[in-house]
Structures are given as C-alpha cells and as structure tokens.
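Enquirer: Sequence and predicted structure, then a few things I'm wondering about:
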Amino acid sequence: MQFSRRTPADLSVNPLAAALRSRAEPYVDLTVSNPTATGLSPSDEELRDALAAPGSAIYRPDPRGLASAREAVAGYYTARGADVPPDRVFLTASTSEAYAFLLKLLGDAGDPMLVPEPSYPLFEHLIRLEGLTAIPYRLRPSPPADRWRIDLAAVERGLDAGARAVLSVHPNNPTGSFVGGEERRRLLALLDPSRHALVSDEVFLDFPVDGAPEPAPAAASSREGPLAFSLGGLSKSCALPQLKLAWIAVGGEADAAREASDRLDLIADTYLSVATPVQLALPRLFEIGGRAAARIRERLRRNLAALDRALSVLPRASRYPVEGGWSAVVRLPSPADGGDLALSLLERAGVLVQPGWFFDFDRDDVAVVSLLPEPGAFDEGWRRIASTLG
C-alpha cells in the first residue's frame, strides 16, 4: 500500500516509550499535565449544571460558532484588557484544529512555516499533515537571568527563505517564556504584511508565575500591521480538555483581517466541528473555569517552591526561570554511563520525567517536569530523584 508522505515512514516508539510499555513496576509520573487527573478541573456537578442550557437539541450551524459563544470569548479578552470583537472569533474543536485551519489558510503545498525550538513537538505533525514544511528558529536563554528569548536573526533568515508565517507560543511550552512587549514589536517589524502572518498560541496566557515580566498582549488585539492570530481554548484556560472547544481570534490591519475571516468562513464551514451544547454552555464554563484556573495557579506556585527546595540539595542541579505555563525545565547531573537522563531516572528512581530531546533542547542534561501533579506525588518524585542523584 502506498501511503501519503504526510504520515511518517517510521512509526516505531522511542526507547523511553518502549520502557514504559514494558514496565511492570509502578512509577511516579512527574509529566502528568491533564488537569482532570490532578483534582483541579471543575466538578461533575458544575459541568452538569453548565451543560443543561436550553437549546442543545437544536442544530443551527454557523461556521464561526454561535454568536453567544463568540461574545463570551470576546468578553474573555475584554476581562484581560484586550479588544477582540465577536466577529473576529472562530470556534474550533481544539487548538490543533485551529492550527490546521490556519495552516490551510496561510500555506500552499510545500510552503515553509517558522516554528520555535525548544517547543512542544506537535508542530512537526501538524505541519507535515498539511503538506507543509517547518523551519525552526531557536529560543535561547539570555543573560542576566537565563530567560528564554527569540533568536530574531533566525526568524529573519527563515522569512528570507520563504516562510509564510511565524508560529509563536506565548508563553512557550515547555520553557514557560512569555514574549515580551518589545520582543513582539521587533518580531512584527520583520514581517511583511503582504506576505507574512503571526500565529500566537496563547493557551497558557492565564498562568503567569509570580515575578514574571510584563508579557505582550494577545496578538489578535492588534488593529494594524500584519495578520496576527491568537489561539486559546477551554483545555488550559478552564482546565476542561474533555469539552473540546477552542478558538481563533483574528487581528491585524482591517482589510486583511476581513479577507482572512472570509476565507476562514469557508474552511470552518467545511468542518463545522464544534458541538452545540458546549457552545451554549460557554459563558457558564468561563465562570466555573476561572475558579479552576485559580486552583491551578496555586498548585503551580506550591510545586515550583517544592521543586526549588528539592533542587537546592542536589549537586549541579538547577532550573531555568518559569515565567508562565504548567512546566519547568530542570538541569540535572547526566548519568555516569552517558545514557539518556529520563530513561535512567525511570529505571533507577522509578520516576518519569520528559527528556529534553523530546522538545529539541540542544543539551543532554535537561529534563522537563509538569507542575500540576498532586503535591504528595510531586514531593515523592523529587525525594526519589534526590536519593538517586544526591
């Protein structure tokens, strides 16, 4: 059978995944980022009430989404100091689908897109599945505090090589680095409004860590310059990944944003993927999700402090600054035998962390951990790591 080259030729699992599949012993999972598995999501009772909104039995398809739901998204931005009118909002089933819509909108077969490294490896699959290609640009830790910043020279080289859009994650997953206001202005200055667009994934925007610098506003709040799209969704902002609703907000110069919206109408109308009940429930979901987000922020602060205590007693261990998001990037002593750090910790300590190579870090002493686990499990995982590496 001749399969599309949009799927990889090699579907074999990596050594860490293979070790997990064959492992019989329990382990402490410091990678869990599913809020429904960590006691942080809204309750069954809250969801039943929210999803009982009248009208769920009626199907009135709108490619952009129900007006009441888009108004709720516009209100979400207003509460955060951004102006995004409802007619610039498109609902999708997930941010992955939002990316797919935008890649269809912005690229023809083979066109390159600029993607950040380090970052979550989803981009590789999303871009390949749309028949496009990826050009990486690095995020680099910069003095004085090793905060991750965009290599703007690499972005400029990628644009010169024909990239149609810059994909930016604000704050980045897993580095937790926000795009600063001046950094965003310099990035936009590199884009030609007639040829380029900015796609800003802002799903973790509601989760700054105390002491984070002032981040750039939602990209879609711009009313001038190149097209700028903001992505958000219930999965992170309301700790509701099971309800499958996300959105695209469209910003930039008025005429270009209007044409982009008209073309997104066609793309979205081809799929009509968002269910009616979750759209009707959205105003209420933002309300109860806000309380869940507050619980998550408290968990992030608590576990980050516990992480700092654990690292303080480990030789040659440290972490990069966490400006926002649900993860921390840590530096740990490499195994004496030169093996993989994450695989070694699983085998020797019974603790699962994400390996740095999974996110395209360029050093082998890096691991990524979630800050969402239940405190008892989080502390036990770091106790085991300290006992193993100390």
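Expert: The structure has been received and is ready for your questions.
Enquirer: Show me the shaky parts of the chain.
Expert: Across the chain, nothing is flagged by pLDDT under 70.
Enquirer: Would you map the strands across it?
Expert: 28-29, 89-92, 112-117, 133-142, 147-150, 165-169, 197-201, 227-233, 246-251, 318-319, 327-331, 351-352, 354-355, 366-370 (DSSP state E).
Enquirer: got those strands as CSV, with distance to Ala305 and mean neighbour count columns?
Expert: Just so you know, the C-beta spots here come from the backbone N, C-alpha and C atoms, and that holds for glycine as well. As requested, those are exported to CSV (distance: least, Cβ to Cβ, whole Å; neighbours: other Cβ atoms under 10 Å):
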stretch, distance to Ala305, mean neighbour count
strand 28-29, 19, 21
strand 89-92, 36, 26
strand 112-117, 28, 23
strand 133-142, 22, 17
strand 147-150, 19, 20
strand 165-169, 25, 26
strand 197-201, 27, 25
strand 227-233, 28, 28
strand 246-251, 31, 27
strand 318-319, 12, 17
strand 327-331, 11, 24
strand 351-352, 19, 23
strand 354-355, 21, 20
strand 366-370, 14, 25
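Enquirer: and Ala268, which of those is closest to it?
Expert: strand 89-92 (5.6 Å; Cβ to Cβ).
Enquirer: That closest one packs against which elements?
Expert: helix 67-78, helix 95-106, strand 246-251, helix 254-271 (3 or more Cβ pairs under 8 Å, 6 or more residues apart in numbering; DSSP states H and E).
Enquirer: quick one: which of these is nearest Gln279?
Expert: Short answer: helix 67-78, nearest of the helices and strands packed on strand 89-92 by Cβ to Cβ, at 4.0 Å.
Enquirer: What angle do strand 227-233 and that closest one make with each other?
Expert: Calculated by axes from the mean of the first three to the mean of the last three Cα atoms, to 10 degrees, helix 67-78 forms an angle of 100 degrees with strand 227-233.
Enquirer: hmm, back to that, could I get the strands of the chain in CSV, plus columns for distance to Ala257?
Expert: CSV is the format used below for those (distance: least, Cβ to Cβ, whole Å):
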stretch, distance to Ala257
strand 28-29, 43
strand 89-92, 12
strand 112-117, 20
strand 133-142, 25
strand 147-150, 24
strand 165-169, 15
strand 197-201, 10
strand 227-233, 7
strand 246-251, 5
strand 318-319, 39
strand 327-331, 32
strand 351-352, 43
strand 354-355, 37
strand 366-370, 36
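Enquirer: right, and these - which one's nearest Thr38?
Expert: Of all these, the one in closest proximity to Thr38, counting by Cβ to Cβ, is strand 366-370 (8.7 Å).
Enquirer: Give me the angle between that closest one and strand 327-331.
Expert: 150 degrees.
Enquirer: Give the pairing partners of strand 366-370; include direction for each.
Expert: strand 327-331 (antiparallel), strand 354-355 (antiparallel) (DSSP bridges).
Enquirer: Just the residues contacting the longest one, thanks.
Expert: Contacts of strand 327-331 with the rest of the structure, by Cβ atoms under 8 Å, 6 or more residues apart in numbering, involve 33, 118, 173-176, 304, 307, 311, 316-320, 322, 353, 356, 361, 363, 365-371.
Enquirer: List buried members of those by neighbour count.
Expert: Neighbour-count burial (16 or more other Cβ atoms under 10 Å) applied to the contacts of strand 327-331 gives 33, 118, 173-176, 304, 307, 311, 317, 319-320, 322, 353, 356, 361, 365-371.
Enquirer: Helices - which of those residues land there?
Expert: Among the buried ones among the contacts of strand 327-331, the members falling in helices (DSSP state H) are 304, 307, 311.
Enquirer: The second one contacts Ser370, correct?
Expert: Going back to what we said before, that points to Leu307. No - counting by Cβ atoms under 8 Å, Ser370 is not a contact partner of Leu307; they are 10.6 Å apart.
Enquirer: Now do the buried residues in stretch 208-221.
Expert: 208-209, 212, 215-221.
Enquirer: can you put those in TSV and add distance to Gly55?
Expert: As requested, the buried residues of stretch 208-221 are exported to TSV (distance: Cβ to Cβ, whole Å):
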residue	distance to Gly55
Pro208	36
Val209	39
Ala212	40
Pro215	37
Ala216	37
Pro217	34
Ala218	29
Ala219	32
Ala220	28
Ser221	31
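Enquirer: Which pair of those spans the longest distance?
Expert: Farthest pair in these (Cβ to Cβ) is Val209 and Ala220. Separation: 23.6 Å.
Enquirer: picking that back up, need the strands paired with strand 366-370 in JSON lines with distance to Ser12, can you?
Expert: Formatted as JSON lines, these follow (distance: least, Cβ to Cβ, whole Å):
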{"stretch": "strand 327-331", "distance to Ser12": "26"}
{"stretch": "strand 354-355", "distance to Ser12": "16"}
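Enquirer: so which of those strands gets nearest Gly381?
Expert: From the strands paired with strand 366-370, taking Cβ to Cβ, the stretch that ends up closest is strand 327-331, at 11.7 Å.
Enquirer: tell me how far that closest one is from the chain's mean position?
Expert: Centroid displacement of strand 327-331 relative to its chain, using Cα atoms, centre = their mean, to the nearest Å, is 16 Å.
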